[in-house]
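**Student:** coords below, sequence missing:
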Ligand SMILES: [Zn+2]
């Protein structure tokens, strides 16, 4: 378990940043999306959330949305941060440690602008952490956390998302025991598929309108996502959505359990993708669990079927 003082230290840093963000908020004007509330991701009982992979998610009200971005920092990340700043919007970035080493300034900027910085492994291994030797997988996770902490220059959030959602019970337990909450997602933008920014925007809005709330997955490594983001945020505001910003802290995370009909969206995709890798098949495509699929079992989504790259 992480030391409580680390969370307090982070909370202090974050609240300073939030004060700056509040001042900036006035510049955004009432027409901007902003952040409607913060939600504490607690250290008392870290768990795994996001209905596409886990049978529970964050307890969000109707029309509340959490924005998450994976696989950065990358060239389009600056434009993503610009779009968020224009709307005084806050998000969570699940950073690849290797990328953080290459582009530390973008990690520093995201942290300084009040976004939560989470973790997404060091190498985003093609074979996934699931197929790696457990000790090697843990080492990759820890190397990623260390690299991202170093790039950020501040304590980052104890939030982790498995590359391709390909977790193992042992790795999830280990992360939880160390105070890390594991994040899946409730809905994704399928932005690993090449499409126009307008098509991506319409796709994610349609999916979001169906489920009405949730943790949204994007990739800040994708130019099409960076290009559609400003208009997407303005459309969220227009449609009455409210942004929830995640912060680590003391206590329990407010979660809600899935219904009895819940099944994993990602597991069949992972099984299919990993079958080839286990057989020793050399595929040039890295796993994308983040592959296209129905979004949620409690909220059926339209289905897209082509597998694709995560980044
Ligand atoms: Zn990823």
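**Tutor:** Received the coordinates, thanks. Keep in mind that this is a model prediction, so the values were computed, not measured.

**Student:** residues of the stretch 1-150 of the chain that sit close to the ion?
**Tutor:** With CB under 5 Å from the ion as the criterion, the stretch 1-150 of the chain comes near the ion at residues 70, 71. C-betas here are computed from N, CA, C, even on glycine.

**Student:** again, only using 6 Å
**Tutor:** Taking CB under 6 Å from the ion as the contact definition, the stretch 1-150 of the chain meets the ion at 70, 71, 120, 124.

**Student:** low-confidence stretches in this structure?
**Tutor:** 1-26, 279-311 (pLDDT under 70).

**Student:** report the central residue of it.
**Tutor:** Residue closest to the mean C-alpha point of the chain, counted by CA atoms, centre = their mean, is residue 68 at 3.5 Å.

**Student:** which parts of the stretch 151-300 of the chain are strands?
**Tutor:** Taking DSSP state E, counting those that start in this stretch as the criterion, the stretch 151-300 of the chain contains strands spanning 159-160, 181-183, 187-188, 214-219, 242-249, 255-257.

**Student:** which among those is found nearest to residue 99?
**Tutor:** Closest of the strands of the stretch 151-300 of the chain to residue 99 is strand 214-219, at 11.6 Å (criterion: CB to CB).

**Student:** what lies in contact with that closest one?
**Tutor:** Residues outside strand 214-219 that contact it (CB atoms under 8 Å, 6 or more residues apart in numbering): 49-51, 57-58, 60, 65-72, 183-189, 191-192, 204, 208, 225, 229, 290, 296, 310-311.

**Student:** let me have the strands of the stretch 151-300 of the chain in TSV, adding mean neighbour count as columns.
**Tutor:** Output for the strands of the stretch 151-300 of the chain, formatted as TSV (neighbours: other CB atoms under 10 Å):
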stretch	mean neighbour count
strand 159-160	24
strand 181-183	26
strand 187-188	27
strand 214-219	25
strand 242-249	22
strand 255-257	14
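
**Student:** distance to the ion added to these, as JSON lines?
**Tutor:** Shown next, in JSON lines, are those (distance: least, CB to the ion, whole Å):
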{"stretch": "strand 159-160", "distance to the ion": "12"}
{"stretch": "strand 181-183", "distance to the ion": "12"}
{"stretch": "strand 187-188", "distance to the ion": "11"}
{"stretch": "strand 214-219", "distance to the ion": "7"}
{"stretch": "strand 242-249", "distance to the ion": "18"}
{"stretch": "strand 255-257", "distance to the ion": "23"}
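
**Student:** any chance of those in CSV, plus distance to residue 130?
**Tutor:** Shown next, in CSV, are the strands of the stretch 151-300 of the chain (distance: least, CB to CB, whole Å):
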stretch, distance to residue 130
strand 159-160, 14
strand 181-183, 13
strand 187-188, 19
strand 214-219, 18
strand 242-249, 25
strand 255-257, 24
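
**Student:** of those, which is nearest residue 200?
**Tutor:** For the strands of the stretch 151-300 of the chain, distance to residue 200 was read as CB to CB. The smallest value, 8.9 Å, belongs to strand 214-219.

**Student:** now the closest one against strand 242-249, angle please.
**Tutor:** 80 degrees (axes from the mean of the first three to the mean of the last three CA atoms, to 10 degrees).
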